[in-house]
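Asks: I need the structure of the sequence given here:
(chains A and B)
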Amino acid sequence: MRNPPLSRNIIRGAVHAPRHHDSAAKQVTGEALYIDDIPEPKDLLHLYIAQSEKAHARILKLDVSAVRQAPGVVAVMTAEDVPGVNDASPIAGDDPVFAEDIVEYAGQSLFAVAAETIDQARAAAKLAVIDYEELPAIVTVEQAMAEKSFVLPTREIRRGDATAAIKAAKHRLTQRFDIGGQDHFYLEGHVALTLPGEDEDIFVYSSTQHPTEVQHNVAKFLDLPDHAVTVEVRRMGGGFGGKETQGAWFAAIAGLTTKLTGRPAKLRLDRDDDMIMTGKRHDFVVTVEMGFDDKGRVSGAEFIFASRCGRSVDLSGSINDRAMFHADNCYYFENVTIISHRCKTHTVSNTAFRGFGGPQGMLAPERMMDAIACYLGKDPIDVRKINLYGKKTRNVTPYQMTVEDNVAPEIIAELEKSSDYAARRRAIRTFNETSPYLKKGIALTPVKFGISFTATHLNQAGALLHVYTDGSVMINHGGTEMGQGLYIKVAQVVAEVLQIDIERVKITATRTDKVPNTSATAASSGADINGKAAEAAALEIKERLSRFAAEYYGAKLSDVTFLPNRIRVGNQVISFRDLVQMAYMSRISLSATGYYRTPKIHYDAETFSGRPFYYFAYGAAVSEVVIDTLTGENKVVAVDILHDTGKSLNPAVDLGQIEGGYIQGMGWLTTEELYYDDKGILKTHAPSTYKIPACSDRPAKFNMKIFERGENVEETIFRSKAVGEPPLMLAISAFNAIADAISSIADYRLYPELDAPATPEKVLMAIQKISETARSNKLTEAAQ
Amino acid sequence: MRQKIKYIHKGEIVTLENIDPTMTVLNYLRYNQALTGTKEGCAEGDCGACTVVLGELVEGKLRYQAVNACIQFLPTLDGKELITVEDLKAKDGTLHPVQQAMVEANGTQCGFCTPGFVMSLFAEMHSNPKVDRLHINDVLAGNLCRCTGYGTIVEAAITVAQSNAKDKFHATEANTIALLAALEKEAGLQLTWQDRTYFAPKTTDELVEILARYPQATLLAGATDVGLWVTKQHRDLATVIYLGQIRELKTINTQQGGLKIGAGVTYSDAWAPLAELYPDFGELIRRIASTQIRNSGTIGGNIANGSPIGDTPPALIALGAQLHLRSKDGRRDIPLENFFIDYGKQDLNPGEFVAAVTLPLPETGSKFATYKISKRFDQDISAVCAAFNLTLKGDVVDDIRICYGGMAATPKRARKTEEAIIGQVWDETTISNAVASMTEDYHPLTDMRASEQYRMLAAQNLLRKFYIETVTPDIATRLVGEGGLAYA
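Replies: Presented below is the predicted three-dimensional model:
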């Protein structure tokens, strides 16, 4: 229905009401266009990128003459063909689009072939003659630490004297563990399509979360002004952070092809190339030491994080900062030291991924809470509670931000009750006594996640709103749609402000020529900042229409009320459409921009202090698992989630984010394993070898609820909270539940040495180890 | 032979000629026909974004099955009905019941996997839809979604199963059946395009002849492996002989005390008969790949490709299966275990093909079990796959056959381990000795699926698990599958 009947009592698409994804009907019919679905333009060239086979080597020779001669080949592009700067990095200028004399990871782009068909381009690329002088490759964090190989200097946060506090504490515990990385595995791989325009202009369709950065990188690469490059993205087939920075490389190469040949060009990575060539979640090696009293209250905590950043900086600085910012999670650590090493390795440059370092940082304290509880023979929930941030005291984070919106205690208490945690924990222990081979485990973990870009300047957004003379509205903003429901949320905001049915609001593709200088759709900020910018634009229009109506009818401004699809002015009621028409005739501007910048935030990157976050999003989950102690196989069987979305803009969308986030986090911590061989070659680069959760991995019992009392204490868009990233970390409960199940083998006296992801192998090895330790402890006890 | 591909789309016969026979159905749809609703997510049959539905006549009845378009070669459409996501919506814009259910349940986020889910659920709606969650998990095991966490999609599946809705494909069933029946009568297919040739014979006699002429030809059954030679390795297949049109190879029957499975029988079709004889074999089939892959892949292909990590050979070898080979020179029957000589090397002469495999019927008193260990329960390749077939006389082991996949260059029997058990009392001491012997049988590799240490330990523990299950059947040992604790 193009123009459904207007509603009278309440508009369709108001905020806080559940609403389907705006593209749902197009998605189920296959009509929703992704970039590779756009009808291919005439004369389209297809691109293939030849990649380094070595992790670290000097290129002695790169002879592409045979490639140029191959059938169908129109252009071959190497570093020498770049008119501008051979770089497509977000910040540091260290991501060459084409390798120059050195390659620093297997999969690095050497040159690109443009041909009439993709098969021709691929076949031609194989004809290059490349001589490498292989150099020693640093593949793992351990190797990088030994070689002192870093992409950025080591950073520290210190409050009090953690070393002294740990030393003085009655009890001390240390945990060291590995956390694996994670591939984004968005279903749609990276893709760029470029079209030539007048004046050397380039139009770019890019599957990117950051159109502005793609625009800037393409312009820089081609030595064009920014205004010559326009980037559009209507939707992505998933992003999860993987399309925040690295899509720029592919847009740049397609753009170069168009510039050199004057023809449209498409570069679409197939799954293997996408997984080999583009970055992932950082894997971490973590060491944590804590000192605590008999109740488990922590007096001193020391965290040492070392992450695999890969060959370049990309966003590793902010990602590792965020890991440091989340080493406290919901807990007050009076004396604390957080050290973060950012390792340079000869592997793909790791990048943003939902949570952005937060998940790795948060796993550390959550594991410690369980380890401390195990050591003291307590219920981990009691150790957690005693360490939670206070409301009035014990409420300052290690980075000197006061926690003003702490609802973690309420959420934990409510979930503890609704999930029947205590009874289930008892039942599990009873079960484990009588089940010799299959063991169950349970864990409750909370989440407190800081919302805002830690790079303060990114916390701004713009919107563009047009009202046409029939009263229909077009909204455009800087945020991108990758499935998370941002477009529908922003459209709801506009519908709500103008009190018009949502069908009257046209949702349009994100374009750099409509709203400029935008930030990436990242850091869960999409709805927060773009929603506010759209609201500002809509309020501007509403203000103009109100003033016009008041003047027209000789009424006071306060007598103008926006009702569903109509406006009351005193005793007069006029439809929105008619008012717009009249305003137009009276020469009132019906187009407005909106702008927003997040208030209150400030932060000193040098001293790690200030208020990097506008507010925190909270949640908690209880996961229950079963493990097979003979094989290490494991399964999450039940989960209960209570999550704080503030006053949700769209509960249907938010529940989708919560469930999807949990399952994605569960995959990260259980089945998803990235395997590099000792030469630095990634061996898991397709779904046949890299296992994201499938349908049956979803726990059979999945209870989730939005925290009903949730309301943002800050003045966010309709008091909602960001929801993209926080729920991913609810899955830490699944990992901890597996550890709990393993611990049962040692009568809960020992805490297992379990690395993530908890594959059958990791679990079985942890079982072997804990069994041996338990045996030798028993022998020692017996001997005494 | 016939030179043109004929398949049914939108109620009409489509004829194709002069076309690359190793072009995938997906590339044909997307880049030749501009039907871009069907997506490429992986080009290896693992993610399901490319799912389309094929209609076929089975004993005169119309059967719809989901398959992965990304690895199916275009000429394999011949004689079938093709249905893509674009075909579901009504002319007046009304969504198909499956599509409507997906929208209502909020089953879409980024939407890229969505057409594949829609097509899997469409095939399910036309099969025997069940509300049972375990069943739905199996139906959707081959469709990966990275956004939703699946709950909303499962909800949509339940809605569809409960609705008993009918659609336009039900309404036009008679016409479709008539068209398919007409195509059935067509001769075999021979396509030539540039330097590529494709044959789809209709009888084994024709196959024998063609294979004798082209002994180096690639034999194509379900394309779940061969398809990847093209989509992943970008190999140029000069001559392809497709077995999927040979009815004789698709038979499955019980004879002379055994179950004979033709080489063209898919996992889906073999599932029920195998499960009936050996419940664990049924569970193994459930765990092999996904619905789409089971609808295409064959047991014969799983054997013939000689992979050390094929899942059915260990079970078949443990059961003492016989392999039936055929060529112009005649027929040859060998024990299946002798077929696997070394990595990539099978006892198969030029011009010879795998015709069928026969496994014996269960013997009273014998106990069979098989286990598959992988990082993910569904749609994953085994790190270790094990099969045990035990016959006891009293408490003494009369015979045991043990075979593992993933432990050696081929599926391989654990002879030393078996020797340590046969003739001994079936007790813990025997098992401990046998487990120790296993290091003489295998020297497994380390790769991305598992380390050498894990493979050995898991293999040893699976023997322990088998023992435990035989002596204390009441103790829970299984996580997934029928009666698995994960769903209890």
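Asks: so residue 440: helix, strand or coil?
Replies: Reading this off chain A. strand (DSSP: H, G, I helix; E, B strand; the rest coil).
Asks: please go with chain B instead
Replies: Under three-state DSSP, residue B:440 falls in the helix class.
Asks: for the stretch 401-550 of chain A, give the residue positioned nearest to chain B.
Replies: At 2.8 Å from chain B, residue A:483 is the closest residue in the stretch 401-550 of chain A, using CB to the nearest CB. (C-beta placed from N, C-alpha, C; glycine too.)
Asks: got the residues of the stretch 351-488 of chain B near chain A?
Replies: Residues of the stretch 351-488 of chain B found near chain A (CB under 8 Å from any CB of the partner chain) are B:371, B:373-381, B:383, B:447-451, B:453-454, B:457-458, B:461-462, B:464-465, B:468, B:475-477, B:479-480, B:485-487.
Asks: domain-wise, how is the chain divided?
Replies: All of this refers to chain A. Domain ranges of chain A: A:24-32+A:460-597, A:410-450+A:611-784, per automatic domain parsing.
Asks: that's the wrong chain, I wanted chain B
Replies: B:5-86+B:172-242, B:89-166, B:251-487.
Asks: among those domains, which is the most enclosed?
Replies: Burial of the domains of chain B is given as mean neighbour count (mean count of other CB atoms under 10 Å in any protein chain shown); domain B:89-166 ranks first at a mean of 23.
Asks: quick revisit: could you dump the domains of chain B into a markdown table with mean pLDDT added?
Replies: A markdown table is the format used below for those (pLDDT from 0 to 100):
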| stretch | mean pLDDT |
| --- | --- |
| domain B:5-86+B:172-242 | 97 |
| domain B:89-166 | 97 |
| domain B:251-487 | 97 |
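Asks: nearest to residue A:606 among the ones you listed would be which one?
Replies: domain B:89-166 (37.8 Å; CB to CB).
Asks: now do the same end-to-end measure for the closest one.
Replies: Domain B:89-166 has an end-to-end distance of 13 Å (CA to CA, to the nearest Å).
Asks: next: stretch B:328-337.
Replies: 23 Å.
Asks: please name the bridge partners of residue A:461.
Replies: Note on residue A:461: beta-bridge partners by DSSP bridges are residue A:596.
Asks: typo on my end, residue A:194
Replies: residue A:204, residue A:265.
Asks: so it touches residue A:258, yeah?
Replies: Yes - with contact defined as CB atoms under 8 Å, residue A:194 and residue A:258 form a contacting pair (4.3 Å).
Asks: find the residues that touch each one of these two.
Replies: Common neighbours of residue A:194 and residue A:258 are listed as A:202, A:264, A:265 (criterion: CB atoms under 8 Å, 6 or more residues apart in numbering or on different chains).
Asks: out of the residues you listed, which is most surrounded?
Replies: residue A:265 (29 neighbours; other CB atoms under 10 Å in any protein chain shown).
Asks: isn't that one right up against residue A:196?
Replies: No - with contacts counted by CB under 8 Å, residue A:265 stays clear of residue A:196, the gap being 9.1 Å.
Asks: what residues are shared contacts of those two?
Replies: Joint contacts of residue A:265 and residue A:196 (CB under 8 Å, 6+ apart) are residue A:258.
Asks: now the residue of chain B found nearest chain A: closest residue in space that isn't a chain neighbour?
Replies: Going by CB to the nearest CB, chain A is nearest to residue B:37 of chain B, at 1.9 Å. Excluding its sequence neighbours, the residue lying closest to residue B:37 (CB to CB, 6 or more residues apart in numbering or on different chains) is residue A:30, at 1.9 Å.
Asks: give the bridge partners for residue B:353, please.
Replies: Beta-bridge partners of residue B:353, as defined by DSSP bridges: residue B:326.
Asks: wait, doesn't it sit right on residue B:324?
Replies: No - Residue B:353 is beyond contact range of residue B:324, at 9.9 Å (criterion: CB under 8 Å).
Asks: give me the neighbour count for residue A:81.
Replies: Neighbours around residue A:81, by other CB under 10 Å: 16.
Asks: so who does it touch?
Replies: By CB under 8 Å, 6+ apart, the residues touching residue A:81 are A:256, A:260.
Asks: for stretch A:310-328, measure first residue to last.
Replies: End-to-end for stretch A:310-328, by CA to CA: 26 Å.
Asks: gap between that stretch and the chain center?
Replies: Computed by CA atoms, centre = their mean, to the nearest Å, the chain-centroid distance of stretch A:310-328 equals 13 Å.
Asks: what segments of the stretch 201-350 of chain B are strands?
Replies: B:218-220, B:239-242, B:252-255, B:258-262, B:322-327, B:330-335, B:340-342, B:345-346 (DSSP state E, counting those that start in this stretch).
Asks: re earlier: the residue of chain B closest to chain A is in what secondary structure piece?
Replies: Using DSSP states H and E, residue B:37 maps to neither a helix nor a strand.
Asks: that one and residue A:571, how far apart?
Replies: Here the distance between residue B:37 and residue A:571 works out to 53 Å (CB to CB, to the nearest Å).
Asks: just to revisit the earlier point, the more surrounded of residue A:194 and residue A:258?
Replies: residue A:194 (32 against 26).
Asks: report pLDDT for that one.
Replies: Per-residue confidence (pLDDT) for residue A:194: 98.
Asks: related to what we said a few turns ago, could you export the shared contacts of residue A:194 and residue A:258 as TSV, including distance to residue A:634 and pLDDT?
Replies: TSV is the format used below for the shared contacts of residue A:194 and residue A:258 (distance: CB to CB, whole Å; pLDDT from 0 to 100):
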residue	distance to residue A:634	pLDDT
A:202	50	98
A:264	49	98
A:265	46	98
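Asks: using a markdown table, lay out the residues you listed together with distance to residue B:91.
Replies: Listed next are the shared contacts of residue A:194 and residue A:258 as a markdown table, based on distance: CB to CB, whole Å:
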| residue | distance to residue B:91 |
| --- | --- |
| A:202 | 40 |
| A:264 | 33 |
| A:265 | 37 |
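Asks: among those, which one sits closest to residue A:511?
Replies: Nearest to residue A:511 among the shared contacts of residue A:194 and residue A:258, with distances taken as CB to CB, is residue A:202, at 13.5 Å.
Asks: residues in contact with the closest one?
Replies: A:194, A:195, A:196, A:218, A:222, A:224, A:228, A:229, A:230, A:255, A:258, A:259.
Asks: so what's the backbone phi/psi at it?
Replies: Backbone torsions for residue A:202, taken as degrees, to the nearest 10, come to phi -130, psi 130.
Asks: what distance do you get for it to residue A:281?
Replies: Between residue A:202 and residue A:281 the distance is 32 Å, computed by CB to CB.
Asks: kindly report the same for residue A:689.
Replies: With CB to CB as the criterion, residue A:689 and residue A:281 are 17 Å apart.
Asks: more crowded one of those two?
Replies: residue A:281 (30 against 22).
Asks: now do the contacts for residue A:456.
Replies: Listed by CB under 8 Å, 6+ apart, the contact set of residue A:456 reads A:601, A:602, A:603, A:612.
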